[in-house]
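Engineer: I'll drop the sequence and a predicted model, then ask my questions.
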Amino acid sequence: MIQGEATAKYVRTSAQKAGLVLDLIRGCDVNKATALLQFSRKHVARDISKVLRSAIANTQQKEGFGGDVERLYVSACYADQGPSMKRIRPAPMGRAFRVVKRTAHLTVHVAERPQAISATGPAKTPRRRAPKAKVAAAAK
């Protein structure tokens, strides 16, 4: 089973917001996942879509890949918290408020679904039952 992954670091969003979108695509086929991300209303979906496309390309470059992108699915995806930027915002009466601008590291793992193994023995045919004798009712 071929696997690939891609990571985007220091994406300017919180890990919690990215996790909401990543929960949508976890376990989906890559075609369905790209469609979900394309029509998602969350801004971070664009960044996750780039990471997903990169993970697909990384998987295609691996030796032993069958070449069928249709068999790929999102095996795991998560958002880790990155470093936070601390900024100061002026407040009334000479005070200052701290603003925390969060970042996240987005990771997407893509794997190939195993092929269905067909039976190697002779095909079993279902046994047929003998037809039941029809009972003719006398209608008199």
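Structural biologist: The structure has been received and is ready for your questions.
Engineer: which one is residue 104 nearest to, not counting chain neighbours?
Structural biologist: residue 15 (4.2 Å; Cβ to Cβ, 6 or more residues apart in numbering). All C-beta spots, glycine's among them, are computed from the backbone N, C-alpha and C.
Engineer: distance of that neighbour relative to residue 32?
Structural biologist: As judged by Cβ to Cβ, to the nearest Å, residue 15 and residue 32 stand 24 Å apart.
Engineer: compare these two and say which is more crowded by neighbours.
Structural biologist: Taking residue 15 and residue 32 together and counting by other Cβ atoms under 10 Å, residue 15 has the greater number of neighbours (18 against 14).
Engineer: just checking, the more buried one touches residue 84?
Structural biologist: No - using Cβ atoms under 8 Å, residue 15 is not in contact with residue 84, being 10.6 Å away.
Engineer: what touches both of these two?
Structural biologist: Common contacts of residue 15 and residue 84 (Cβ atoms under 8 Å, 6 or more residues apart in numbering): residue 102.
Engineer: hey, where'd the helices end up in the chain?
Structural biologist: 15-25, 30-38, 44-60 (DSSP state H).
Engineer: distance to residue 80 and mean pLDDT added to the ones you listed, as a markdown table?
Structural biologist: Formatted as a markdown table, the helices of the chain follow (distance: least, Cβ to Cβ, whole Å; pLDDT from 0 to 100):
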| stretch | distance to residue 80 | mean pLDDT |
| --- | --- | --- |
| helix 15-25 | 6 | 96 |
| helix 30-38 | 19 | 96 |
| helix 44-60 | 13 | 96 |
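Engineer: do you know which of these lies nearest residue 90?
Structural biologist: Closest to residue 90 of those is helix 15-25 (Cβ to Cβ; 26.6 Å).
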